[in-house]
Structures are given as C-alpha cells and as structure tokens.
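Asks: Requesting a structural model of the entry that follows:
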Amino acid sequence: MTRILRNRLNSFRAKEDGSVVVPFALWVPLFLILILSSIELGTVTIRQTALERALDNTVRDIRLGAVTAHSEIKQSICDGAAVLPSCMDTLHLEMVSLDMRDWGGVIDAADCTDTAQSVTPNRSFQNGNANEMMLLRACYKYQPITPAGTISSSLSKDAQGYTALVVSSAFVHEPS
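Replies: Presented below is the predicted three-dimensional model:
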C-alpha cells in the first residue's frame, strides 16, 4: 500500500502538465486590477474634463448675459456635459461675490449635494452686479464604477459611496 502511494506521488511530482496554472493564478488578478484602474481613471478624467468645459462655456454665457437664473445655469452646465449621468439631480452650484479690496478668502470645502436628503439647499448663490468679481463652483457627485477596489478606493467618498468632482471658475460681470 505504501509503495503504491509512493509511486503515485513520484509520478505526480514528475508531471509538468499544470505548471502554467500557478503563474496564471498569480498574474491574472494583477492584470485585472490594472485594467479596472485604467477604466476608472479614464471615466473620472472624462467626467472632470466635461464638467470643466461645460462650466467654462456657461461662465462665458453668464458674462454675455445669456443665462442668469440658477436653474438656467445648472441646465446649461448639464447640457454641456452630456457624459454626466443624472446631472440635474447630483450637480450642486455655488456662486459667491469676491471682494478684492477686503479679501476674506473663499471657503475651501465645496458645498455638494447630500444624496441622503431629498433636497439640499444652496449655501450661497448670488448673481452679482456689474464689475463684480464672482466665483462659481460646481460639485458633481457620482458613483465610482468599481467601488470596492482599484483607484476608487483612494478617492474620498460620502456615507452613500458617492465621490465628488469639484470645478470652479472666477469671472467679472461685464457692465451692461
């Protein structure tokens, strides 16, 4: 009985049929993580770029007087950034006047939509007057593609798992 077991063990040890399985099992998870990270990074980059471009175009329209109301500004940004899913629900705008003579600074933390509440009020939204320096900040919240790993694990998230993209633009209202 011992000899049969020893012969089978020696013949199993001499075979090289499954020698590729071990490197495959070690390398495939690393390549999958690399692929998922690339997809996540590409998605974040596309969304950030689209939001920045839409905000810049909207600020141009604001300076020309084409859009003035909060809802028009939000709709203009969402129309310009078509790659942002549910933009009207998760985009939060903040526009404040900046006093260049008595600089009080700008609040560093962006005011983003709280997805746990049905409505999040604006922190501040002032349209401004002629020759007034304004800061328009947009915060868009989205769910990462891969919430449990890769690049999205290093992004800051809220309690519901949403990550925020924040863009801002400063401009001066042109006189009429």
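
Asks: CA only for contacts and neighbour counts going forward, please
Replies: Fine.

Asks: Just read off the phi/psi values of residue 170.
Replies: Note on residue 170: its backbone torsions stand at phi -110, psi 140 [degrees, to the nearest 10].

Asks: Now it: closest residue in space that isn't a chain neighbour?
Replies: In this structure, residue 170 finds its nearest non-sequential neighbour in residue 135, 4.3 Å apart by Cα to Cα, 6 or more residues apart in numbering.

Asks: can you list the residues that contact the helix or strand encompassing the one you found?
Replies: Remark: residue 135 resides in strand 133-142, with elements defined by DSSP states H and E. Among residues not part of strand 133-142, those counted as contacts by Cα atoms under 8 Å, 6 or more residues apart in numbering are 55, 87, 90-100, 110-113, 128, 162-173.

Asks: Apply 7 Å and report the result again.
Replies: With contacts defined as Cα atoms under 7 Å, 6 or more residues apart in numbering, strand 133-142 is touched by 90-98, 110, 112, 162-173.

Asks: For this protein, which segments count as strands?
Replies: Residue ranges of the strands in the chain, as given by DSSP state E, are 91-98, 133-142, 163-172.

Asks: Which strands and helices lie in contact with the shortest one?
Replies: I take that to be strand 91-98. Using 3 or more Cα pairs under 7 Å, 6 or more residues apart in numbering; DSSP states H and E, the elements in contact with strand 91-98 are strand 133-142.

Asks: so where's the chain uncertain?
Replies: Of all residues in the chain, those with pLDDT under 70 make up the ranges 18, 103, 105-107, 109-111, 113-130, 147-155, 174-176.

Asks: if we go to 50?
Replies: Within the chain, the ranges that satisfy pLDDT under 50 run 115-121.

Asks: show me where this protein has helices.
Replies: Listed in chain order, the helices of the chain (DSSP state H) span residues 2-14, 21-64, 70-80, 87-90.

Asks: For residue 99, which non-adjacent residue is spatially closest?
Replies: Closest residue in space to residue 99, ignoring its immediate chain neighbours: residue 133 at 7.0 Å, by Cα to Cα, 6+ apart.

Asks: who's the one you found bridged to?
Replies: Beta-bridge pairing of residue 133 under DSSP bridges involves residue 98, residue 172.

Asks: OK, contacts around residue 83?
Replies: With Cα under 7 Å, 6+ apart as the criterion, the residues that contact residue 83 are residue 47.

Asks: measure the residue nearest to residue 170 to residue 50 for me?
Replies: 19 Å (Cα to Cα, to the nearest Å).

Asks: Right, I'll leave it there.
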